[in-house]
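> Just a sequence and a predicted model for now, questions to come.
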Amino acid sequence: MQVTVIGGAGTIGAATAYTLALDRPTLDVALCDVERDAARGDATDVTHARAHVAHPVGRSSGDRPGAVRAVDPGPGAIEDADVVVVAASGAGTQTGGRMAAIEANRAVVDEVAAWFPEHAPRPVVTVTNPLDRMNYRLFRRVGWERSRFVGYALSETARVADELARRHGTTAERVSCPVVGEHGEHIVPLFSRASVDGDPLDLSAEEREAVTEYARRIPYDVIDWRGARHSSRWVTARGVAALTGRLLDGGLDTPVGLSTPLDGEYGYEGVSLGVPVTLDADGIDAVHEWDLPADERAALDAAYEAVRATPE
Ligand SMILES: NC(=O)c1ccc[n+]([C@@H]2O[C@H](COP(=O)([O-])OP(=O)(O)OC[C@H]3O[C@@H](n4cnc5c(N)ncnc54)[C@H](O)[C@@H]3O)[C@@H](O)[C@H]2O)c1
Ligand SMILES: O=C(O)C[C@H](O)C(=O)O
């Protein structure tokens with residue numbers, strides 16, 4: 001199987017390729033980037049990372065390793081891909097928020113969309129910001145059924161879980177709190193469904209707001225601390241690689257918050273927005289219309305209105 005990462009020499013693209021290559025030793029990984037030498041450099045470096053199986057210190061699966069290679073931008077980059085990850089960005093990391101990248105990334109998405117073959121749909125994981133708009137734009141430009149377009153928004157679920165775990169003296173894997181809405185200012189953690197080990201978490205309004213504000217702010221703190229050239233590569237690469245792996249393995253039956261083009265679900269249409277979805281090998285299997293309490297429904301409506309104002 002092959003995954004093509006468009007923007008493969010970028011912060012997110014290269015870290016995603018590295019994570020996928022080590023997670024799945026037999027997977028072919030193609031790095032496509034307009035910075036062709038940089039893609040070649042990363043592909044070679046990741047190939048060498050896999051070659052640690054050659055000595056006793058490294059782990060060996062015994063399986064025949066897949067290839068990690070750079071591929072030129074254009075239709076050939078994705079013709080053999082089972083899943084395509086789109087992490088290309090013309091604007092680089094933005095300190096001015098995700099919407100600041102919209103103009104530059106519209107042009108990137110339009111260029112990339114032209115490479116997708118009309119009659120050979122496959123799952124696409126969009127990462128490029130502003131995420132909901134770029135996932136919707138890609139869907140509209142490519143023309144495949146909407147269920148193929150899976151907008152990656154799970155870093156916020158991880159951040160909310162980490163912060164809840166810290167506050168409640170536990171670990172993130174024991175916490176569950178789905179996050180939907182916009183990948184941006186209008187994120188909507190569904191605290192009404194928050195739990196630890198399956199037991200409901202009772203959170204005050206102040207704590208809910210503090211955790212939401214943490215998830216809004218922390219990616220930009222990370223960028224400030226590390227330097228504007230480096231976005232949230234580790235949380236994003238881990239999440240994108242895990243999501244891509246689920247698609248390669250045939251899907252996921254438990255709903256998670258991902259952005260997908262909507263056509264009437266929750267009463268919304270004409271946008272891609274984070275909603276609870278399950279996955280199959282083709283992309284989005286189903287959008288789950290949960291009965292939300294009034295405050296969470298109002299927050300989701302506000303996210304919809306914000307995205308609808310500039311849908312792509
Ligand atoms: N959805 C999320 O959770 C999430 C998280 C982090 C970053 N992001 C977004 O992901 C995108 C990538 O972030 P980054 O930090 O890796 O940026 P980056 O600038 O490091 O990398 C972008 C890469 O895309 C390449 N590129 C530009 N145009 C291209 C084209 N037409 N074809 C192929 N490659 C092209 C660039 O050469 C560069 O290597 C940004 O839009 C960023 O905001 C999203
Ligand atoms: O790259 C950014 O602007 C932040 C990114 O969307 C993130 O959630 O880490």
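Looks like it came in fine. Residues are numbered from 1 along each chain as shown. Ligands and ions are numbered 1, 2, ... in the order given.
> What segments of this structure are helices?
Assigned by DSSP state H, the chain shows helices spanning 11-23, 36-50, 102-113, 131-142, 154-167, 205-226, 233-248, 294-309.
> need the contact list for the closest residue to ligand 1 within the stretch 151-300 of the chain.
Residue nearest to ligand 1 within the stretch 151-300 of the chain: S231 (3.5 Å; CB to the nearest ligand atom). In short, each C-beta sits where N, CA and C put it, glycine included. S231 sits next to 11-12, 93, 219, 222-223 when contact means CB atoms under 8 Å, 6 or more residues apart in numbering.
> I'd like these as CSV, with pLDDT, distance to ligand 1 and neighbour count appended.
As requested, the contacts of S231 are arranged in CSV below (pLDDT from 0 to 100; distance: CB to the nearest ligand atom, whole Å; neighbours: other CB atoms under 10 Å):
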residue, pLDDT, distance to ligand 1, neighbour count
T11, 95, 4, 20
I12, 96, 3, 27
T93, 58, 5, 21
P219, 94, 7, 19
V222, 92, 10, 16
I223, 89, 9, 17
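> Run a quick neighbour tally on P121.
Counted by other CB atoms under 10 Å, the residues lying close to P121 total 17.
> mind listing what it touches?
Shown in contact with P121 (CB under 8 Å, 6+ apart): 144-145, 148, 282.
> wait, isn't P219 in contact with S232?
Yes - P219 is in contact with S232 according to CB atoms under 8 Å; the separation is 5.0 Å.
> Quick check on the closest residue to ligand 1 within the chain: phi, psi?
Nearest to ligand 1 in the chain, going by CB to the nearest ligand atom, is G10, at a distance of 2.0 Å. G10 adopts backbone torsions of phi -80, psi 180, taken as degrees, to the nearest 10.
> Could you check how far E185 is from H119?
38 Å (CB to CB, to the nearest Å).
> Counting neighbours, go ahead and name the busier of those two.
Applying other CB under 10 Å to E185 and H119 shows that E185 carries more neighbours, namely 13 against 5.
> The more buried one: what's it in contact with?
Taking CB under 8 Å, 6+ apart, we find E185 in contact with 97, 216, 306.
> among those, which ones are buried?
Buried members of the contacts of E185, scored by 16 or more other CB atoms under 10 Å, are 216, 306.
> Now tabulate the contacts of E185 in TSV and tack on distance to Q2 and pLDDT.
Shown next, in TSV, are the contacts of E185 (distance: CB to CB, whole Å; pLDDT from 0 to 100):
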residue	distance to Q2	pLDDT
G97	34	82
R216	36	96
A306	36	98
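> Closest to R246 out of the contacts of E185?
R246 has its nearest neighbour among the contacts of E185 in R216, at 26.3 Å by CB to CB.
> mind listing what the closest one touches?
Applying CB under 8 Å, 6+ apart, the residues near R216 are 185, 187.
> Skipping its backbone neighbours, what lies nearest the spatially most central residue of the chain in space?
Per CA atoms, centre = their mean, the C-alpha nearest to the average position across the chain is that of Y152, at 2.2 Å. Nearest non-adjacent residue to Y152, counting by CB to CB, 6 or more residues apart in numbering: V127, 4.9 Å away.
> Wait, the one you found touches V235, no?
No - at 11.9 Å, V127 and V235 do not qualify as touching, with contact defined as CB under 8 Å.
> which of the two has more neighbours?
Using other CB under 10 Å as the criterion, V127 and V235 rank with V127 on top: 30 against 19.
> per-residue pLDDT, the more buried one?
Turning to V127, the model gives it a pLDDT of 98.
> For it, give me phi and psi.
Main-chain dihedrals, V127, degrees, to the nearest 10: phi -120, psi -30.
> next one: the one 3 residues further on
Recorded main-chain torsions at P130 are phi -70, psi 120, according to degrees, to the nearest 10.
> what residues are up against it?
98-99, 101-102, 105, 183-184.
> try it again with 6 Å
Contacts for P130 (CB atoms under 6 Å, 6 or more residues apart in numbering) come out as 98-99, 102.
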